[in-house]
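Trainee: Curious how this folds, go ahead:
(2 chains)
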Amino acid sequence: MVNLALAWAERYQAINPAVRISVTGGGSGTGIAALINGTVDIANASRQIKPEEVQEAKAKGIEPVEHVVARDAIAVIVHPRNPIDRLTLEQISAIYSGKFNNWSQLGGEDRPIVRVSRESNSGTHVYFLEAVLRLGKKDDKTLFSPDTLLLPSSEGIIAEVSDNPNAIGYDGLGYVTPQVKTLAVAADSAGPYVMPSAASVTDGSYPIARDLYMYTNGQPAGLVKQYLDWIFTPEAQKIVAELGFVPVR
Amino acid sequence: MIAELRRNWFEFAITVLIRAAGYLAVLFVGLILIFLLQSGLPALAKVPLSTLLSTRWYPIEGYFGILPLIWGSILVTLGALMVGLPFGLLTAIYISEVAPKWAREVLKPLVEILAGLPSVVLGFLGILVIAPYLRRFLDLPTGLTALTGSLLLGGIAIPTIVSIAEDALNAVPASYRQASLAIGATEWQTIWRVTLPAARSGVLTAVMLGIGRALGETMAVMMVTGNAPVMPAGLNAFFLPVRTMTATIASEMGEVAAGSAHYQVLFLIGIVLFVFSLAVNVVASMVGFRELKRAERLLS
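Mentor: All right, here's what the predicted structure looks like:
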């Protein structure tokens, strides 16, 4: 969600030239670790803070407070020439855990499946593991197949999936470009197959959607509070929609 | 008298400064080693050895098997050597022994400029050109493989190898070549049997530094090898994705909580890398040392 945080910071600084906001990327873990170490005022995260992290923060005298600032859909993407255009969550889970290794097992061409994922420090990776690979079950210990490509950036994922007809990838809806094909996803084989969009996320019909968070140390005050208040204004939430995310109000 | 005193004082200050600089370099290496050991060794107490020596790396769920990462680094480095060694050595021989003077004056600086290319630029070249081309040409499932990394790293190591090997070849006295040519050896025989063996210690140093460069390279490797921690099995591993030690440290260090098991294991990987490059350097200096003794024998 670094794109969103950057766009907000830029617009806010244009309105309030006296305020300076610097934004750094690197994944949700990076932001939360920085909040715990006291080096930032706000940690942006595309996953919820873990109980261990809360404990660690408290040990250092930091009280993380959660704010849901936007929503996001994770799009599952393939090469435009891939004939597959819809999958169920279970099928996606079976692909990424290594049960399916050829597209023909899913009714596609006779091609090996190349799984592409974000690095494990990305909130998107953790969310995908919990919500898709493990189908939201807490006691499920399914893991990514070891030969899953772990790419350090969204751009890397789009580059590989748009070039390689064997590849399947996933990424935030805001990062998806027309060079790749987005799949319709169903919660189970009975359910309707839904394309990710702002509407299908808001009405809850698209099954792989999540909240995006900002964490502050204690209830926000002063400049941080003004910034967070501004983020919930229609103007700031319009930027959310422009970047392909889903506004919260 | 005063002038002499001043000169003496100046001599003294410069000597102290140079000595301090020398000791500082040693001190820094020592401090880095202590820091690495201090941050990495506790991992051995926290994570059982059986876990560390397993073949599954998925740190966010507590799988800390570092074997695939070690093999990944070795595989990519070996591949880089196979690319970089012949090309680097031949280029060095060409520049030093064969090329006309004007070509030498153009080529040497050009190769040294190549050494200064940021690896992230080469990484982009790898991701946009080499990887798609390899996938189509070799009909691989994906172009992000150990081979792609090896080709890039070989390219990165070539300037290092060329530059140092060329210096070593250049330092061989002209009388050796003249003597060889005078007894009727051809130019190639002179290069292969006389000049190259005479410069052997410098050439081996060049190779070792090239290996060190390939082993430690991070950015380009992270961009093109796919970073999948698969255990390489056999030669076809070159055509599959790998994850190297450097890429693992670079992509995961930013995210871990300081002091956690994951953090300490990452430093442990740092120690393994340190030991590897230490071994490469020790081998390089041993080879150089032995060569020196032999040269002394020849001279006496």
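
Trainee: mind checking how far residue A:161 is from residue B:119?
Mentor: Applying Cβ to Cβ, to the nearest Å, one obtains 24 Å for the distance of residue A:161 from residue B:119. From N, CA and C alone the C-beta is placed, and that goes for glycine too.

Trainee: ok, now residue B:104?
Mentor: Distance, residue B:104 to residue B:119, using Cβ to Cβ: 27 Å.

Trainee: Looking at the two, which is more packed in?
Mentor: More neighbours sit around residue B:119 than around the other of residue B:104 and residue B:119, counting by other Cβ atoms under 10 Å in any protein chain shown; the figures are 20 against 17.

Trainee: Report the contact partners of that one.
Mentor: For residue B:119, the residues meeting the contact criterion (Cβ atoms under 8 Å, 6 or more residues apart in numbering or on different chains) are B:156, B:217-220.

Trainee: Could you do residue A:45 as well?
Mentor: Listed by Cβ under 8 Å, 6+ apart, the contact set of residue A:45 reads A:1, A:28, A:31-32, A:123, A:212-215.

Trainee: again with residue B:68
Mentor: With contacts taken as Cβ under 8 Å, 6+ apart, residue B:68 has the following neighbours: A:146, B:55-57, B:229-232, B:242-243.

Trainee: Is any residue of the biggest strand by length in chain A near chain B?
Mentor: As far as residue count goes, and with DSSP state E defining each element, the longest strand of chain A is strand A:64-78. No - Strand A:64-78 stays clear of chain B (Cβ under 8 Å from any Cβ of the partner chain), getting no nearer than 13.2 Å.

Trainee: downstream neighbour of that strand in the secondary structure list?
Mentor: The C-terminal neighbour of strand A:64-78 among helices and strands, as given by DSSP states H and E, is strand A:86-88.

Trainee: Can you report phi and psi for residue B:231?
Mentor: Geometry field for residue B:231 lists phi and psi as phi -80, psi 120, criterion degrees, to the nearest 10.

Trainee: Relative to residue B:273, how far out is it?
Mentor: Computed with Cβ to Cβ, the distance linking residue B:231 and residue B:273 is 19 Å.

Trainee: And residue A:217, by the same measure?
Mentor: Counting by Cβ to Cβ - residue A:217 and residue B:273 are separated by 36 Å.

Trainee: What of residue B:24?
Mentor: For residue B:24 relative to residue B:273 (Cβ to Cβ), the value is 23 Å.

Trainee: neighbour-wise, which of those two wins?
Mentor: residue B:273 (20 against 10).

Trainee: OK, contacts around that one?
Mentor: When contacts are taken as Cβ under 8 Å, 6+ apart, residue B:273 is in contact with B:73, B:215-216, B:245-246, B:249.

Trainee: For the residues you listed, name the two members farthest from one another.
Mentor: The widest separation within the contacts of residue B:273, taken as Cβ to Cβ, falls between B:215 and B:249 and amounts to 12.6 Å.

Trainee: of those two, who's got more company?
Mentor: residue B:215 (23 against 18).

Trainee: Surely that one and residue B:277 touch.
Mentor: Yes - between residue B:215 and residue B:277 there is a contact under Cβ atoms under 8 Å: 6.0 Å.

Trainee: where does residue B:214 land in three-state SS?
Mentor: Three states are possible here, and by DSSP: H, G, I helix; E, B strand; the rest coil the one that applies to residue B:214 is helix.

Trainee: From residue B:276, how far off is it?
Mentor: In this structure, residue B:214 and residue B:276 are separated by 11 Å, where distance is defined by Cβ to Cβ.

Trainee: Same question for residue A:129.
Mentor: For residue A:129, the distance to residue B:276 (Cβ to Cβ) stands at 32 Å.

Trainee: Which among the contacts of residue B:68 count as buried?
Mentor: Neighbour counting over these (16 or more other Cβ atoms under 10 Å in any protein chain shown) leaves A:146, B:57, B:229-232, B:242-243 as the buried ones.

Trainee: Show me which of the residues you listed is closest to residue A:64.
Mentor: Within the set of the buried ones among the contacts of residue B:68, residue B:57 lies nearest residue A:64; the separation is 28.9 Å, counting by Cβ to Cβ.

Trainee: Show the contacting residues for residue B:77.
Mentor: The contact partners of residue B:77, taken as Cβ under 8 Å, 6+ apart, are B:153, B:211, B:214-215.

Trainee: Could you measure from it over to chain A?
Mentor: When Cβ to the nearest Cβ, to the nearest Å is applied, the distance between residue B:77 and chain A equals 20 Å.

Trainee: what about that residue, helix or strand, and which?
Mentor: Element membership of residue B:77 [criterion: DSSP H and E] is helix B:67-93.

Trainee: and after that helix, which helix or strand comes next?
Mentor: Toward the C-terminus, helix B:67-93 is succeeded by helix B:101-115 as the next helix or strand (DSSP H and E).

Trainee: ok, and for that next one, which residues are buried?
Mentor: Residues of helix B:101-115 classed as buried: B:104, B:107-108, B:111, B:114 (neighbour count, 16+ other Cβ under 10 Å).

Trainee: where does residue B:299 land on pLDDT?
Mentor: Residue B:299 is assigned a pLDDT of 50 by the prediction.

Trainee: residues in contact with residue 69?
Mentor: In the absence of a named chain, this looks at chain A. Contact partners of residue A:69, counting by Cβ under 8 Å, 6+ apart, are A:212-214, A:228, A:231-232, A:240, A:248.

Trainee: should've been chain B
Mentor: With contact taken as Cβ under 8 Å, 6+ apart, residue B:69 is in contact with B:57, B:229, B:243-245, B:248, B:269.

Trainee: again, 10 Å this time
Mentor: B:57, B:229, B:231, B:242-249, B:269, B:272-273 (Cβ atoms under 10 Å, 6 or more residues apart in numbering or on different chains).
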